[in-house]
Structures are given as structure tokens and as C-alpha cells.
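Enquirer: Structural data only, the sequence is not supplied:
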């Protein structure tokens with residue numbers, strides 16, 4: 001009886017293979033031959049997920065624990081920038097970068113097992129913004145009103 005169900009439902013491996021072949025045959029895609037098996041695995045996992053079937057256990061483990069591009073210590077080594085654990089590039093502030101990857105700062109910290117006080121802004125940039133705010137008088141009006 002289970003064989004009948006498998007035969008009537010879509011063959012996920014065959015469907016993933018057809019989609020991969022169609023994608024690779026597009027002349028606008030420049031893919032090395034070594035990348036094709038990995039793409040096929042990802043396509044199969046996606047098709048399985050969309051069809052409601054369980055993905056293979058190996059695929060979910062890789063997505064759950066992404067490998068950081070640099071160490072946490074190296075990401076905070078400079079006062080001028082913070083290096084992203086996603087792509088290894090330096091940023092003065094990580095918020096916009098994270099939003100392009102669909103992450104909030106809390107999700108980013110959770111994804112890479114960072115402490116809750118892990119900074120999202122480089123120290124020198126934060127000081128620069130602080131001095132600029134003081135220079136234009138932000139925060140003084142409230143303090144003056146409290147003294148009266």
C-alpha cells in the first residue's frame with residue numbers, strides 16, 4: 001500500500017533533478033561543475049520542504065548552525081568597524097546589513113551564540129555620533145526643564 005502512495009505522489013528526486021537541469025541549462029547562469037551536486041541537494045531539500053515531506057537530517061543541521069566568517073574576537077578587534085560574522089566584511093553599524101539578510105540584532109546574536117551585549121555599532125562611530133549630538137544640543141532641553 002505504501003508503494004502505491006509513493007507512485008501516485010510526485011517523485012521528489014526526479015522533480016528536483018528536472019528543476020536543477022532547467023536551472024543549469026540557462027545560459028545566464030555561470031556554475032562550475034563542482035557546484036552542481038550541492039545545488040541539487042539544496043533543490044531537493046527545498047522541494048521536500050514545500051511538498052511537506054521531511055528533509056534529510058543532514059540538511060537541517062547545516063542550516064541551524066551556520067559557520068561564522070570570522071571569529072567573534074576578530075570581529076571586535078578594531079575600534080573603527082565591526083566585522084560581520086555573515087560575510088566577513090567590515091561595517092560601522094550592523095543593523096542595515098542585518099536587515100538585508102532578514103535578521104534582527106537579536107536573531108543575529110542568537111544565530112551565532114553571541115552575548116546579549118554584543119555591539120551593533122563600532123565604538124569610534126558611536127563616539128562620533130555622540131559628539132555630534134552633543135554639539136547640536138540634543139538632550140540639553142530636557143535637563144534644563146527639570147532644573148526649573
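Expert: Structure's in. What do you need? As the structure is a prediction and not an experimental result, all values here were calculated from the model.
Enquirer: Let me see the domain layout of the protein.
Expert: When the chain is parsed with automatic domain parsing, its domains come out as 2-64, 66-148.
Enquirer: and those domains as a markdown table, adding mean pLDDT and mean neighbour count?
Expert: For glycine as for every other residue, the C-beta is placed from the backbone atoms N, C-alpha and C. What follows is the domains of the chain, written out as a markdown table (pLDDT from 0 to 100; neighbours: other CB atoms under 10 Å):
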| stretch | mean pLDDT | mean neighbour count |
| --- | --- | --- |
| domain 2-64 | 71 | 12 |
| domain 66-148 | 91 | 13 |
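Enquirer: Grab the nearest non-local neighbour of residue 85.
Expert: residue 68 (3.9 Å; CB to CB, 6 or more residues apart in numbering).
Enquirer: Let me see the residues that make contact with stretch 76-93.
Expert: Here stretch 76-93 makes contact (CB atoms under 8 Å, 6 or more residues apart in numbering) with 68-70, 72, 74-75, 94, 97-98, 101, 108, 112, 119-125.
Enquirer: The residues you listed in helices, which ones?
Expert: Here DSSP state H is the test, and the contacts of stretch 76-93 give 72, 74-75, 97-98, 108, 123-125 as lying in helices.
Enquirer: between those, which is nearest residue 27?
Expert: When the ones in helices among the contacts of stretch 76-93 are compared for distance to residue 27 (CB to CB), residue 97 wins out at 32.3 Å.
Enquirer: show me the contacts for that closest one.
Expert: Residue 97 makes contact with 84, 86, 91 under the criterion CB under 8 Å, 6+ apart.
Enquirer: List just the nearest of those to residue 34.
Expert: Nearest to residue 34, judged by CB to CB, of those is residue 86 at 23.3 Å.
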